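Q: Quick one: sequence and predicted model below, then my questions.
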Amino acid sequence: MEPKDITKEYTNGELTVVWQAGKCIHSGNCVRNNPDVFQPKEKPWIKIDASSSEKIRETVDKCPSGALTYF
C-alpha cells in the first residue's frame, strides 16, 4: 500500500475521526488547536480519548486540506 493511500480511523464510541494521509499537507492546525489529541510524534498519533468530542470536532473543522474528517 502506498503511504498516500493510508486511511486510519480513531473512535471514542461517540465520534470517529478519519485521517487520509494522501490529503494531509501538514499544516499543523490540528496540533496547535488540540495538542492533547493530535500528537504526530506518537503512535497512534491521534489520542481520541484525550479531549471532548466537541473540541475534537472544532479542531477537525479547521483542517485546511480535508485530511481529517469525522462522523
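A: On my side now, so go ahead.
Q: Buried residues, stretch 14-28. List them.
A: 15, 17, 18, 19, 20, 24 (16 or more other C-beta atoms under 10 Å). In short, each C-beta sits where N, CA and C put it, glycine included.
Q: do stretch 25-42 as well
A: 29, 30, 31, 33, 34, 37, 38, 39.
Q: Distance to residue 55, secondary structure and pLDDT for those - can I get that in JSON lines?
A: Compiled in JSON lines, these are given as follows (distance: C-beta to C-beta, whole Å; DSSP: H, G, I helix; E, B strand; the rest coil; pLDDT from 0 to 100):
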{"residue": "29", "distance to residue 55": "14", "secondary structure": "helix", "pLDDT": "96"}
{"residue": "30", "distance to residue 55": "11", "secondary structure": "helix", "pLDDT": "97"}
{"residue": "31", "distance to residue 55": "14", "secondary structure": "helix", "pLDDT": "97"}
{"residue": "33", "distance to residue 55": "8", "secondary structure": "helix", "pLDDT": "97"}
{"residue": "34", "distance to residue 55": "6", "secondary structure": "coil", "pLDDT": "98"}
{"residue": "37", "distance to residue 55": "8", "secondary structure": "coil", "pLDDT": "98"}
{"residue": "38", "distance to residue 55": "11", "secondary structure": "strand", "pLDDT": "98"}
{"residue": "39", "distance to residue 55": "15", "secondary structure": "coil", "pLDDT": "97"}
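Q: can those go into a markdown table with extra columns for distance to residue 5?
A: Formatted as a markdown table, the buried residues of stretch 25-42 follow (distance: C-beta to C-beta, whole Å):
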| residue | distance to residue 5 |
| --- | --- |
| 29 | 23 |
| 30 | 20 |
| 31 | 23 |
| 33 | 26 |
| 34 | 26 |
| 37 | 24 |
| 38 | 21 |
| 39 | 23 |
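Q: So which of the buried residues of stretch 14-28 belong to strands?
A: Under the assignment DSSP state E, the buried residues of stretch 14-28 contribute 17, 18, 19, 20 to strands.
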